[in-house]
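quick one, structure for this:
(chains A, B and C)
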Amino acid sequence: MRLQPVPSDFEARCNATFDAVMWALARPGVMRDLPQAGLAQVVEALIDRECAVHCPDEALAMLARRTGAELVAPEAADHVFAETVTPEMPDRLACGSDLHPEDGATLVAGAVFGAGQRVCLTGPGVDGEVIVIIGGLPGDFWQRRARAMRYPMGFEMLLVDGARLIGVPRSTVVEVL
Amino acid sequence: MTLQTLTKPWEPMSYGFLDGSAKREIRRKMIKAIAVPGCQMPYASREVPMARGWGTGGLQVSLTLVNPAMRVKVIDQGADDSVNAASIRRFIARVAGTPTTMDTLEADLIQSRHRIPEEVLREDQVLVLQVPNPEPLRPVQPNMSIARQMHADADYGRMWLQLYEQIVRSGRVMQGASYPSLVHGRHVMTPSPIPRWDVPKLHMAKHLTILSAGREKRIFAVPPFTRVEPLVFSDVPYKVEDHAGLTCHRSGTRGFFMNEIPQDDGSSVFEVSDSEWGVKAIRRRDGEEVALGETWYKNGKMPS
Amino acid sequence: MAYVATRGGERAIEQSQRLFKAEMGEITPERVAEIRAAMPYLIDRVMGEASLYDEDLAALALAQTGGELYEAVLLLRAWRTTQPRIAVAEPVTQEGLFTHRRISAAFKDIPGGQVLGPTMDYAHRILATEVLDGQVHRPDPVEPAARPSPARQPSVAAWQAENGLLTGAVPDKTVGNDIPDVTREPLLFPAKRAHTLQSLARAETGGVLALGYAAQRGYGQAHPTVNELRLAEAEIVVTHPRGTQFSAGRVKVSQAEVVDKKGDGLRLGFAATLGWNEVKVIAAATLDLNAEGAPKGAPTEEEFFLYHTEGVESSGFCIHFKLPHYVTFQSSLDAMRDAKAQKAAKEKSPEPAE
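Sure, this is the predicted structure:
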């Protein structure tokens, strides 16, 4: 009587997006493919009325608002979506507390892969070390990130270039080469 | 805003049972769990059509991850045919239309209660462990709020003291399953009630492990290539169960974790706990062509 | 795949479920309707613990589980999981409740009067065995009072606050979607006020009674006086996206205020739940009254009683011990045998013989 359950297009896209996000953070520095280009699909997969979101870009902010999320300043946001990362952003993101590391933010941002700074990643999820070339971030971004976080406090990064994704969780140590 | 924008086409049941908001919450918490390995992340943990304590935490993670292309394997105490494993497998297949398998090599997602399969998991596989009690500190501190503060302070002195007392009293660490382990050098975690035999399989593994306690509403993770070190003193080494020399009386396989079956004459026979490994060994013995994966243990020893 | 068929699990499960259902026979719409009509207090209890107000679904859950209460509540909670949230209702106020019963043990009479309403309190508990002999037990008709009691009345605590006997609760300005919801976020400690009251509202009646009773007997610091116990109906007012407010219907609610008389002012404990369930709200309000300053690990400590009165969690965990645990058992046996062998080896050996 019951037909084979089939996910809607929306459900299938959110599922695939999260699969990429999950593996991106489980294997920092290893590039993953998103179902389509851009940050919007990450909003769809993660955000709803239980979230506080910071979003400088108008169109994305509209989308986030439609999910029911509250639009807030970066300091109060659990998720930040930014096509372009600004220099002061690492200092303004929530890092949680020792008691509640889960309160650290997730930053989803545009970046350029294959051009820019060469960085070496080590930490959980990295088999030894991995070197990636990431551009489109402010010059001293990685130094600022390191200064802003004290593990297990910190924030997660999902960097998106077109339909490609690289994850950098707070547990990853990033060295600029 | 109109009512229309708030609604979606009617469905008798959400794909994968959980509705979108439940899935999004679990996704957000899984991100944090992966980012801080071994640290317990609180989540809302919705009620599912199964009793609390019966794998509802693992089930919520599986239901969030599944899609129609994902092959799912479910085991309980190492066995695919255990009644509760069968019940969970049937439920996932029914609400998500997923293909199921018993072969560890074929599975994309493995939900397990109390065992890690004997065949090495690959880097595209997810292991979801059901967790009855997520708090390794509970034996020394039953109050969750105080235990949380102890994790925040990395205050594990009482944990060490408890192990030391066991050595003084009994000559060895008496912890059976759920052996407390330090993850990424920072958070002490329970690996769930897997035997000590299985804990080394989490250390620097290739696969991703998600641990989820539905009743206690906590989710935590061990990403690939992450240190998982059982708490031991340098002069009292970690000891897995003494099963290396036991032989399965049904499949003849040897050097794996065994179930002891008491016999009428007072003796015991043993059968391999990873039931599908046993089945594959029998089929191969009977001349069938069966793919056996590489195993973590070789000749009963875990290569270090 | 040939091995799948020869493995027993699936068939055994199927047949065990058939055995369970066989005892109850057919579930018909008539049976569900009869349960709903005949057992309003059972329906209320189940709806309260499920935190889902729907009498038909509650009756169906009872019919489907043969009255296994824990199973019925779980069934409703699992169904609740699948339902979208369409709107958040306006806050319900005590003085706005359509009141059926309202009594106070603190004063002989109270503004608005002691309204006894429906109760078994003063009934002689004698079984109507004549029914089993074939007679119909027909309740005597209710005789309406000449002057009906006012349907809406302020709380007793409000009067006490006005008279400086009690520091009234500070109004919480949080509205709508911002009100913390324990079914959508985890319970953490110290608990948000909303989470505490929500957890008590959906707690298991027997569990709340056991711990509340322990506090009442003396394991708590405070001795409760029932300031006000109220059974009422609450209007559920929601806002249409166009902005119009309308009533989506009424739900039965119970609420209790208990006060402690130590010190220089009264202290208030409060609980409320869906459905009419007096034992639960008095016991829960007692726990609420005792929570402040309770020592860690005491039954009156918030973390202790909120965790241990969660019926779906506690009953689920209790029955999970039926599941096989032979891997963990084997692991412990191994450690035990090894320790024993080491001890025996030590006793036998190296001390040189005299």
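
tell me if residue B:291 really is in a strand.
No - the assignment for residue B:291, made by DSSP: H, G, I helix; E, B strand; the rest coil, is coil rather than a strand.

burial count for the residue nearest to it when sequence neighbours are not counted?
Sequence neighbours aside, residue B:105 is the residue nearest to residue B:291 in space, at 6.0 Å (criterion: CB to CB, 6 or more residues apart in numbering or on different chains). The C-beta positions use only the backbone N, C-alpha and C, and glycine is treated the same way. Here the number of neighbours of residue B:105 (other CB atoms under 10 Å in any protein chain shown) works out to 18.

with the one 10 residues further on instead?
The tally of other residues near residue B:115 (other CB under 10 Å) stands at 26.

so what's it closest to, chain neighbours aside?
The spatially closest residue to residue B:115, leaving aside those adjacent along the chain, is residue B:78, at 4.0 Å (CB to CB, 6+ apart).

coming back round to it: could you look up the SS state of the residue nearest to residue B:291?
Going by three-state DSSP, the secondary structure assigned to residue B:105 is helix.

please enumerate the helices of the chain.
Reading this off chain A. Assigned by DSSP state H, chain A shows helices spanning A:9-26, A:40-46, A:58-66, A:89-92, A:141-148.

meant chain C actually
Listed from the start of the chain, chain C has helices (DSSP H) covering C:2-6, C:9-22, C:29-38, C:40-50, C:55-65, C:69-81, C:156-162, C:193-201, C:205-214, C:278-291, C:302-308, C:311-320, C:326-348.

redo the ones you listed as CSV? Include mean neighbour count, distance to chain A and mean pLDDT.
Supplementary listing: the helices of chain C in CSV, determined by neighbours: other CB atoms under 10 Å in any protein chain shown; distance: least, CB to the nearest CB, whole Å; pLDDT from 0 to 100:
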stretch, mean neighbour count, distance to chain A, mean pLDDT
helix C:2-6, 10, 19, 36
helix C:9-22, 12, 16, 86
helix C:29-38, 14, 19, 98
helix C:40-50, 24, 22, 98
helix C:55-65, 22, 18, 97
helix C:69-81, 21, 15, 95
helix C:156-162, 19, 33, 89
helix C:193-201, 20, 14, 97
helix C:205-214, 21, 27, 97
helix C:278-291, 27, 21, 97
helix C:302-308, 22, 15, 96
helix C:311-320, 19, 21, 96
helix C:326-348, 16, 27, 91
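
okay if I get these as JSON lines plus distance to residue A:42?
Conversion of the helices of chain C to JSON lines gives the following (distance: least, CB to CB, whole Å):
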{"stretch": "helix C:2-6", "distance to residue A:42": "39"}
{"stretch": "helix C:9-22", "distance to residue A:42": "39"}
{"stretch": "helix C:29-38", "distance to residue A:42": "45"}
{"stretch": "helix C:40-50", "distance to residue A:42": "35"}
{"stretch": "helix C:55-65", "distance to residue A:42": "37"}
{"stretch": "helix C:69-81", "distance to residue A:42": "25"}
{"stretch": "helix C:156-162", "distance to residue A:42": "49"}
{"stretch": "helix C:193-201", "distance to residue A:42": "29"}
{"stretch": "helix C:205-214", "distance to residue A:42": "42"}
{"stretch": "helix C:278-291", "distance to residue A:42": "41"}
{"stretch": "helix C:302-308", "distance to residue A:42": "35"}
{"stretch": "helix C:311-320", "distance to residue A:42": "33"}
{"stretch": "helix C:326-348", "distance to residue A:42": "39"}
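
same for the longest helix along chain B, what does it pack against?
Criterion DSSP H: the longest helix present in chain B is helix B:20-35. Applying 3 or more CB pairs under 8 Å, 6 or more residues apart in numbering or on different chains; DSSP states H and E, one finds that helix B:20-35 contacts helix A:9-26, helix A:40-46, strand A:156-161, strand B:41-42, helix B:56-65, strand B:208-213, strand B:218-222.

of all these, which lies closest to chain C?
Taking CB to the nearest CB as the measure, these were each checked against chain C, and strand B:41-42 came out nearest at 3.6 Å.

the residue nearest to residue B:115 and residue B:273 touch, don't they?
Yes - using CB atoms under 8 Å, residue B:78 and residue B:273 qualify as a contacting pair, with a distance of 3.7 Å.

more neighbours, these two?
Between residue B:78 and residue B:273, counting by other CB under 10 Å, residue B:78 is the more crowded of the two (31 against 28).

what's the spacing between that one and residue B:272?
Computed as CB to CB, to the nearest Å, the residue B:78 to residue B:272 distance reads 8 Å.

what touches both of these two?
Both residue B:78 and residue B:272 are in contact with B:257, B:259, where contact means CB atoms under 8 Å, 6 or more residues apart in numbering or on different chains.

tell me the contacts of residue C:330?
Taking CB under 8 Å, 6+ apart as the definition, contacts of residue C:330 comprise B:195, B:241, B:257-260, B:273.

which of the residues you listed are buried, as a ChimeraX select command?
Taking 16 or more other CB atoms under 10 Å in any protein chain shown as the burial criterion, the selection of buried members of the contacts of residue C:330 in ChimeraX is written as:
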select /B:195,241,257,258,259,260,273
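
and the longest strand along chain A, which strands flank it?
When chain A is parsed with DSSP state E, its longest strand is strand A:112-122. Strand A:112-122 has the following sheet partners, assigned by DSSP bridges: strand A:130-135 (antiparallel), strand A:173-176 (antiparallel).

out of these, which comes closest to residue B:122?
Shortest separation from residue B:122 across the strands paired with strand A:112-122 is recorded for strand A:130-135, at 18.5 Å, computed as CB to CB.
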